[in-house]
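K.L.:
3D, please:
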Amino acid sequence: MFYSHFKKHIEALLFASGNPITTKKIAQLIEVPEEHIELLIHQLIAEMANNDRGLMIVKVAAGYQLCTKPELSDVVKKLAQIQDTKLSLAAMETLSIIAFKQPITKLEIEHIRGVKVDKVLTKLLERQMIKEIGRKEAIGRPIIYGTTDEFLKSFGLNDLQDLPPLVDLLP
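P.N.:
Below is the predicted model of the structure:
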């Protein structure tokens, strides 16, 4: 293919970005039609899957990202010595409510959980898992919350449609 020499450019952009990057952005950067970028990315995905390589390309948060293959996670953990950044049970419950019920206010979250969520919301905002997406047309104009691209990236989701149906999660 005429554009195949651009695969190395795409790979370099994915590596340098560190975050998901859209095909539209890649097309703009290397001045190649977007439909060709999509094809080249799929070729790169196949090449990386068929070779004995440590990296792979995944589609996440409406873009593509270069990631370590899952079977190498133990080696990467040793190198990074990542501090434990797990979310607390309260944070996971609150984040789940926001993900499935967004847009949602603090009062609505508290009604579902049955407890105050001020500190948990602050922590989720600091971690950029949620964001303020507006104000509700109600008395006091409460803040409305929703999830972010960081949430999608952290949970390996392309978009909110990738969340399991809520009925499947009920006992």
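K.L.:
Mind pulling up the pLDDT for Gln102?
P.N.:
You'll see Gln102 listed with a pLDDT of 94.
K.L.:
my guess is it contacts Phe151, does it?
P.N.:
No. Gln102 lies out of contact with Phe151 (Cβ atoms under 8 Å); the separation is 10.1 Å. In short, each C-beta sits where N, CA and C put it, glycine included.
K.L.:
more crowded one of the two?
P.N.:
In terms of neighbours (other Cβ atoms under 10 Å), Phe151 is the more surrounded of Gln102 and Phe151; the figures are 21 against 14.
K.L.:
now that one, nearest residue through space, not along the chain?
P.N.:
Met129 (4.7 Å; Cβ to Cβ, 6 or more residues apart in numbering).
K.L.:
mind checking how far the one you found is from Pro70?
P.N.:
22 Å (Cβ to Cβ, to the nearest Å).
K.L.:
Who has more neighbours out of those two?
P.N.:
Higher neighbour count among Met129 and Pro70: Met129, with 22 against 7, using other Cβ under 10 Å.
K.L.:
Dihedrals phi and psi, the more buried one?
P.N.:
phi -90, psi -30 (degrees, to the nearest 10).
K.L.:
And it, how far from Asn158?
P.N.:
Distance, Met129 to Asn158, by Cβ to Cβ: 17 Å.
K.L.:
again, but for Lys86
P.N.:
Where Asn158 is concerned, Lys86 sits at a distance of 23 Å (Cβ to Cβ).
K.L.:
Mind checking which of the two has more residues around it?
P.N.:
Set side by side, Lys86 and Asn158 show more neighbours around Asn158, with 15 against 7, by other Cβ under 10 Å.
K.L.:
What's the per-residue pLDDT of the more buried one here?
P.N.:
Taking Asn158 on its own, its pLDDT is 89.
K.L.:
and what of Thr85?
P.N.:
Thr85 is assigned a predicted lDDT (pLDDT) of 65.
K.L.:
same deal with the one 10 residues further on?
P.N.:
If you check Leu95, the pLDDT there is 94.
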